[in-house]
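1. I'd like to go over a predicted model; first the sequence, then the structure.
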Amino acid sequence: MRAIWRGAVSFGLVSIGVRVYSATEEKDIRFHQVHRTDGGRIKYKRTCSIDGEEVSYDDIAKGYDIGGGEMVILTDEDFAELPLSTSHAIDVLEFVPAEQVDPILYNKAYFLEPDGAAAKPYVLLRDALTDSERVAIVKVALRQREQLATLRVREGVLLLNTMLWPDEIRRPDFGFLDEDISVRPPELAMASSLIDSMAGEFEPDVFTDDYRAALQEVIDAKVEGREVVQPEEVEEAPAAAVDLMAALRASVDRARAARGEEPAGAGAGKPTPISSAKSAQKAAASKKAAPAAKKAAKKAAEKSTGAKKTGTTTKATEAKKTGAAKKTTEAKKTAAKKAPRKSA
C-alpha cells in the first residue's frame, strides 16, 4: 500500500505521527470510451465555451456560479490562503460511545500506521480506546477539505472513518409517514417469527458480486475468442401474495426448512396463494397423466388376455390331437386282435 497522507494525531498534549492509507478499494470493472470500428481511445479537448479556444491546465481555475450568468473565479492562491489546506493534524475533539454514531454518517475508511518512533504512543491510544469501548471524534483536513471523522480500533490498527456533515444527510420526506397505517398484532408476531427464523451471524465473505463475475466471464470469453455460455433463465416468481399472514407463514416455514428445522405448527399446512398455484399445476399435470396411464393399463390387460386365450387354444388343440391319436392307435390294435389268422 502507498500512503496518501502524513500527519499527526493530536491527543491532548500527545502528538502521534501517522501515515494514512486507503482501507478500501473498488473492484468494479472499468471501461474506456473507444471508437467502435477500430478500438481507438476517445479524447476530449478542453475548450472555452466563449471563444472556442483550447485551454491548457495552467489557465484553468475554479469558478463558483452565483447565478445570473455571473461567476466568481478562485485561483490556487485563494485556496493556499485557507489554513486547513496545509494542516496535517488529526485533532481529537471528544470520545463517545460507538453506538451513538449513526452509520449513515460514515463515508470513507483509512488505516493509520505509526510513523517513525510513534509506535508506543500509537499503541497507547489504541489500547486506551479498546478498554474504554468508545470512539474518538476528530477533525481532519483531507484532500482540500475539512472533514469530521471517527477513530476506532479494527484488528489492532487505528481506523479513521471520515463522516458526512449533519446537513449533508437528507430527510426522507415520504407521504406514507403521515398516514395512519395499522398493523395487526398477529401480523407483527408472524413477521418477528420470520426474522427469528432467518437470523444468523454476518459473514461478508459468503456474499459475492454475481454481476461482476458474469461481466468478467464475458470479457474473458472475448479475449479467448470463445462463446459465452448463457446461464439458464430463472423462472419468474409468482405474483405477490394478497394474504399477508399466509405469505409470512409460508416464508417462516421455508426459512425453517432451509435450516433443517420443523415448520411452524400453527397453520403450517394452510395453503397460500403461492402454494395453491403450485398445487393447481400439479393437479393439472396429474389429470393429464391419468388418461395416458389408463390407456396403457388397458392395452396391457388386452395383451395379457390375448396371450392367455392363445395359450388355452393351443393347449386345447394339442389335447384334441393327442386324444385323437390315442383313439386311432387303440382302434387299430383292437382290429388287429379281432382279425382271424389266414391258413397256410
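-> Received the coordinates, thanks. Residues are numbered from 1 along each chain as shown.

2. what's Val92 sitting at in phi/psi?
-> phi -80, psi 120 (degrees, to the nearest 10).

3. now Ser22: how far from Ile50?
-> From Ser22 across to Ile50, the span is 39 Å (Cβ to Cβ, to the nearest Å). C-beta: built from backbone N, CA, C; applies to glycine.

4. so between these two, which is more surrounded?
-> Using other Cβ atoms under 10 Å as the criterion, Ser22 and Ile50 rank with Ser22 on top: 14 against 6.

5. Ala202: which element?
-> Let me fix one detail, which is that residue 202 is Phe and not Ala. Counting by DSSP states H and E, no helix or strand carries Phe202.

6. neighbours around it, how many?
-> For Phe202, using other Cβ under 10 Å, the count is 6.

7. mind pulling up the pLDDT for Gly200?
-> For Gly200, the pLDDT comes out at 92.

8. for it, helix, strand, or coil?
-> Three-state call for Gly200 (DSSP: H, G, I helix; E, B strand; the rest coil): coil.

9. count the residues that sit near it.
-> Around Gly200 there are 7 residues (other Cβ under 10 Å).

10. next: Val55.
-> What Val55 shows, counting by other Cβ under 10 Å, is a neighbour count of 12.

11. state the phi and psi torsions of it.
-> The phi/psi pair for Val55 (degrees, to the nearest 10) reads phi -110, psi 130.

12. got the contact list for it?
-> For Val55, the contacting residues are Arg46, Thr47, Cys48, by Cβ atoms under 8 Å, 6 or more residues apart in numbering.

13. next, format the residues you listed as JSON lines and append pLDDT, neighbour count and secondary structure.
-> Output for the contacts of Val55, formatted as JSON lines (pLDDT from 0 to 100; neighbours: other Cβ atoms under 10 Å; DSSP: H, G, I helix; E, B strand; the rest coil):
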{"residue": "Arg46", "pLDDT": "93", "neighbour count": "11", "secondary structure": "coil"}
{"residue": "Thr47", "pLDDT": "95", "neighbour count": "11", "secondary structure": "strand"}
{"residue": "Cys48", "pLDDT": "94", "neighbour count": "11", "secondary structure": "coil"}
